[in-house]
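Colleague: 3D model of this:
(4 chains)
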4 protein chains.
Amino acid sequence: MSEDSFTVSDGDLVLLIDINKLKNKYMVRITTSNSNSLKKISGLGVLNLNKLVGKKYGSIFEFGRKKLFILQPDIMDKLDSLQRKAQIITPKDSAVIAINCDIKNGDYIIEGGLGSGAMTIVMANLVKPEGKIITYEKSAANINIGVSNLKKCGLDNIVEIKNKDITKGISEKNINSIVLDIPEPWLVVKHAYMALNPGGHFASYSPTMNQVELTINEIRNHNFLNPYTIETLQREIIVGEGGTRPSFEMLGHTGYITFARKVLDIQ
Amino acid sequence: MSEDSFTVSDGDLVLLIDINKLKNKYMVRITTSNSNSLKKISGLGVLNLNKLVGKKYGSIFEFGRKKLFILQPDIMDKLDSLQRKAQIITPKDSAVIAINCDIKNGDYIIEGGLGSGAMTIVMANLVKPEGKIITYEKSAANINIGVSNLKKCGLDNIVEIKNKDITKGISEKNINSIVLDIPEPWLVVKHAYMALNPGGHFASYSPTMNQVELTINEIRNHNFLNPYTIETLQREIIVGEGGTRPSFEMLGHTGYITFARKVLDIQ
Amino acid sequence: MSEDSFTVSDGDLVLLIDINKLKNKYMVRITTSNSNSLKKISGLGVLNLNKLVGKKYGSIFEFGRKKLFILQPDIMDKLDSLQRKAQIITPKDSAVIAINCDIKNGDYIIEGGLGSGAMTIVMANLVKPEGKIITYEKSAANINIGVSNLKKCGLDNIVEIKNKDITKGISEKNINSIVLDIPEPWLVVKHAYMALNPGGHFASYSPTMNQVELTINEIRNHNFLNPYTIETLQREIIVGEGGTRPSFEMLGHTGYITFARKVLDIQ
Amino acid sequence: MSEDSFTVSDGDLVLLIDINKLKNKYMVRITTSNSNSLKKISGLGVLNLNKLVGKKYGSIFEFGRKKLFILQPDIMDKLDSLQRKAQIITPKDSAVIAINCDIKNGDYIIEGGLGSGAMTIVMANLVKPEGKIITYEKSAANINIGVSNLKKCGLDNIVEIKNKDITKGISEKNINSIVLDIPEPWLVVKHAYMALNPGGHFASYSPTMNQVELTINEIRNHNFLNPYTIETLQREIIVGEGGTRPSFEMLGHTGYITFARKVLDIQ
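Modeller: Next up is the predicted model:
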């Protein structure tokens, strides 16, 4: 980050956080041309974006009676700001997928199931600028929401979306990783094998044990190395005046994630 | 990955996995000049690296009575192959740090405490090629092990190591994230604040509740937004002949991770 | 259970469960004398208890448009039916206390902190008919609720309640177990030591790590054997049409429970 | 406990714990007749039981170079002292079964699968003196071990063991609870229904999700109220010199426990 980037400029993606209610976050792209500078932001009202230009990141912006932190949104803020249709893959799980598939700059990744685009956004953020995400999604409604979310986060140029059912086949080859969040991932295992590089990563996120069983058993019918499934639980720790303790709030379950790597032969 | 990269070439970092004992992994850099092509690999014996050149990734290499998968090591393999002096930050935790700090290509990151270099390697893998990790480590012995591990993984060019105690101060500025794994992280909070960008991320990994309390309380003395601490548990699910169940083996605890973002004012 | 007890009789404690909303449970004592047989039950309306007499346990009772299972309440039903003022000790935790203290018929137990009486009821249910619970509670308001709950469950004759602050001292001796749910349990450790039998059990339930630390450290100042603290998490597994998975709902934290046994000397 | 019971007497069941290695526990019945007073105790040597008589419970007994705490064994000590053939139901799980089935003095309980007798011992300890456990076990080898363990704990008079396969039928009626730890619990559901009281409790402990599914589905074919399955995790918290943290050691999985109550009709 150069010094210049410490102040809000035209074209920046900016996050405003209510200093009294930190869960209230508003993400907006700064556009200062006459026709675009007045922006209606749901929950805030109409904001003149010109007034943000030149403000320091990290400072407080007064808007009516509200006080708002001005920040560059990070990946967690982006995930918080998505329009959601269904359950998204939570950050704890997308992080586990990212490290187990070694997702990084330059990777070419096939995604099966766009959903609201949360996993897509996490992956696009990691593979840019040299990599690419190709997402198969059969629901046009999901594509509408997902594309809108990708644009909002400025990551749509990293993602190609195909309105296709991934269980019918994958046309790409030489792919680094395939990441699935679909009801019947076992139907994709053979297509995934064909599309992946030698050593390429297969990952599938599923809520039920039965999906895990069917997927693992299908993986074992192909030349995949070491399939394994993991479950991740996460809990906040509260340091309060009364003492330190885990949070009473906790998600009891999200999904199981199954991984495997393609090899040419397992004998 | 181009087609060329599907066969082993001079200079490649190669992983060999015993097909009968998948936990036995050997990571080696291919060097084919006369003087370097014979390589003694602990647990395997002396290997003529020339014999690997031209082999297909994903295929099986026969070495004596052993059969070995030939793969390009991923980040998980690299972590498995590290020489360890102390407990390392496990992948579940390094993944959580990476997503909460939004670590990605181009980031400049200060690390406090090199340890055996596991977290360093995860971060270097994500920030390359444009970013950089600057690691403060006061123990020369740790530096020896850590540098050796970084070289082994081919990531030493992304990391600068300083033989300094980070609790005494940080000389860098305009940093994206600061990641600590040291006994007294609370002593670094004020230095971290000075070094970070507005909106920059502070992360600290600590095994005990008492460290969390002291760190959170010190964070609250500075202009940090929304400090929070999380604990992550991970468990494998086994799909076996007798049925599907969680693994009996599980790490009961690794560490708590505390996060916060720098702002200029919190009023 | 004799055959006679399979039908509702005068004096029985009866549980009615709405067959369409199993969480709606109504617990009522059958009293058939003229003046008491009409009973107003919150959420149900006025019930003529005479109509229940002679009905088979396990059968369905039609009351207006509602259909209700007739059951003898078990301990879980009793806990569900309590009037609550504050957080109660949950069944997973009271079960862990019961087995670690070996609570059973004939035990004499001191309880510190009545709360709404949930733990008291679990213990009274186990020590009857020969044992006894003596509960210290300094809040008269808690005593009102707790006694009402004990009476409702027919266990008030097993429990003696003292309107006293247990941190000021315990007058009983030769006690099998002492079970605490109070803010400052460490203040009771020395009194507990005096009151307990050799080999007697100390148990303390606390939400925070800081309470655990202070309690364990005070225990170590006395002749207690092997103090230890445990945390218990519980999750429901759902077998649904879509497959089998853990419940999304889960309590992230209730309390830590610390145990120790009195000995005469630890050298 | 009367004052008399504070010293070791003929006939007592006594626990000796090595004060330097608290995991080393020795459970012995005091027999002072000439022919029985010398007892060889595995791991300790030959002990003259007469020397223990009259010693105070809670005091330290010197035996050779060893120092041993003298205690009355509690249920946890008894479980620690069992000869084990297979995995036992752990205390966290037996406690959960006990409270969900409301097991208490006077209950008549059918157990399917004796194993090493751990669950039997927990239940016998709770139903005595007025209740009874009737255990079906088809393996004669298990019966040998289980009976030996029950005798060791002085609980064999509360338990009747039948060398029968419980999946073939249950001859008892009017039972309070049925508790299963067998490979195919779903085969017992219909027999359990016939044997149970109205309102009686069915409980089944199984390691795999598949067993849970089959059991729950069979329960749904009969008039059982509200079947549910729970999983319990337990972790120790360590208060050490370096701070307070959860233990690194933790059992990742033991078993799932399924519960249901018999009713006469569910419409």
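Colleague: who's in contact with the residue lying closest to A:Glu137 once chain neighbours are set aside?
Modeller: Spatial nearest neighbour of A:Glu137, chain neighbours left out: A:Leu114 (3.8 Å); criterion: C-beta to C-beta, 6 or more residues apart in numbering or on different chains. Every C-beta, even on glycine, is put in place using the N, C-alpha and C of the backbone. A:Leu114 sits next to A:120, A:135-137, A:142-143, A:146, A:161 when contact means C-beta atoms under 8 Å, 6 or more residues apart in numbering or on different chains.
Colleague: check which element follows the longest helix along chain A along the chain.
Modeller: Of all the segments assigned as helix in chain A under DSSP state H, the longest by residue count is helix A:140-152. As assigned by DSSP states H and E, the chain's next helix or strand after helix A:140-152 is strand A:159-162.
Colleague: what's in contact with that next one?
Modeller: With C-beta under 8 Å, 6+ apart as the test, strand A:159-162 has contacts from A:114, A:120, A:124, A:132-137, A:143, A:146-147, A:150.
Colleague: tally up the residues packed near the residue nearest to A:Ile134 when sequence neighbours are not counted, please.
Modeller: Excluding the flanking residues, the one nearest A:Ile134 by C-beta to C-beta, 6+ apart is A:Glu160, at 4.8 Å. A count of nearby residues for A:Glu160, using other C-beta atoms under 10 Å in any protein chain shown, gives 11.
Colleague: isn't there a strand covering A:Phe202?
Modeller: Yes - the assignment for A:Phe202 (DSSP: H, G, I helix; E, B strand; the rest coil) places it in a strand.
Colleague: near chain B, which residues of the stretch 101-250 of chain A?
Modeller: Residues of the stretch 101-250 of chain A lying close to chain B by C-beta under 8 Å from any C-beta of the partner chain are A:101-102, A:104-105, A:108, A:122, A:125-126, A:128-129, A:174, A:176, A:197-199, A:201, A:209, A:212-213, A:216-217, A:225-226, A:228-239, A:244, A:246.
Colleague: filter those residues to the buried ones?
Modeller: Neighbour counting with 16 or more other C-beta atoms under 10 Å in any protein chain shown marks A:101-102, A:104-105, A:108, A:122, A:125-126, A:128, A:176, A:197-199, A:201, A:209, A:212-213, A:216, A:225, A:228-239, A:244, A:246 as buried within these.
Colleague: among those, which are located in helices?
Modeller: Using DSSP H, A:122, A:125-126, A:209, A:212-213, A:216 are the members of those that sit in helices.
Colleague: now stretch A:49-64: mean pLDDT?
Modeller: Averaged across stretch A:49-64, the pLDDT comes to 95.
Colleague: span of it from start to end?
Modeller: For stretch A:49-64, the first-to-last residue distance is 14 Å (C-alpha to C-alpha, to the nearest Å).
Colleague: then stretch A:132-151?
Modeller: 15 Å.
Colleague: and A:Pro183, how many residues sit next to it?
Modeller: Counted with other C-beta under 10 Å, residues neighbouring A:Pro183 total 14.
Colleague: quick check: chain neighbours aside, which residue is closest to it?
Modeller: Nearest non-adjacent residue to A:Pro183, counting by C-beta to C-beta, 6+ apart: A:Gln211, 7.6 Å away.
Colleague: what about the helix or strand where A:Ile97 lies, near chain B?
Modeller: A:Ile97 is part of helix A:91-100, with elements assigned from DSSP H and E. Yes - Helix A:91-100 comes into contact with chain B (C-beta under 8 Å from any C-beta), by way of A:91-92, A:94-96, A:98-100.
Colleague: how far away from the center of its chain is stretch A:69-87?
Modeller: Relative to its chain's centre, stretch A:69-87 lies at 9 Å (C-alpha atoms, centre = their mean, to the nearest Å).
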